[in-house]
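*Asks:* Quick one: sequence and predicted model below, then my questions.
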Amino acid sequence: METVRCKKLDPRAKLPAYATPGAAAADLCALLDEPLTIAPGQRTLVPTGLAIELPGAGFVALVYARSGLSIKHGLCMANGVGVIDSDYRGELRVPVINLGDAPYTVQPGERIAQLCIAPVTQAAFLPADALSDTDRGAGGFGSTGTV
């Protein structure tokens, strides 16, 4: 198991926590002074009051939406997936958008997103005049079928 150092920028901040022993991601909680209502179509940054230090340059932290919030209320990550680089030391803030039909109110301390720690590899990118052939070729966006 790897260790991620967490700095509470506010004493009320909650450390990330795994909901079950098999959870792949730890929950991030909203650090709010009062409930925050997000109107349909509105984007906002939800503070967590936390900064982290990943185990090293070979790791990334990925921030994902919580499935229940997205399915039940339309609350999603505004940028799809948040990428936290190993050298970032600022506050983790969650960019959310309300894609639902009704306002959603985030409560102080509510679990707002999931934080996944994963290994990452940096690659060397080389210019090429040609690429190797494959059966798939340039097909994308459903080109391999639906079944």
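*Replies:* Nice, thanks for sending it over. Residues are numbered from 1 along each chain as shown.
*Asks:* Can you classify residue 68 by secondary structure?
*Replies:* Classification of residue 68 by DSSP: H, G, I helix; E, B strand; the rest coil places it in helix.
*Asks:* and it, what does it touch?
*Replies:* If you count contacts by CB atoms under 8 Å, 6 or more residues apart in numbering, residue 68 has none. (Glycine included, C-beta is placed from N, CA and C.)
*Asks:* Repeat that for the one 10 residues further on.
*Replies:* Contact partners of residue 78, counting by CB under 8 Å, 6+ apart, are 43, 95, 96, 97.
*Asks:* if we go to 10 Å?
*Replies:* 42, 43, 44, 45, 65, 94, 95, 96, 97, 98, 99 (CB atoms under 10 Å, 6 or more residues apart in numbering).
*Asks:* What is the neighbour count of residue 10?
*Replies:* 12 (other CB atoms under 10 Å).
*Asks:* how near is the residue lying closest to residue 39 once chain neighbours are set aside to residue 7?
*Replies:* Excluding its sequence neighbours, the residue lying closest to residue 39 (CB to CB, 6 or more residues apart in numbering) is residue 103, at 5.1 Å. Counting by CB to CB, to the nearest Å, the separation of residue 103 from residue 7 is 33 Å.
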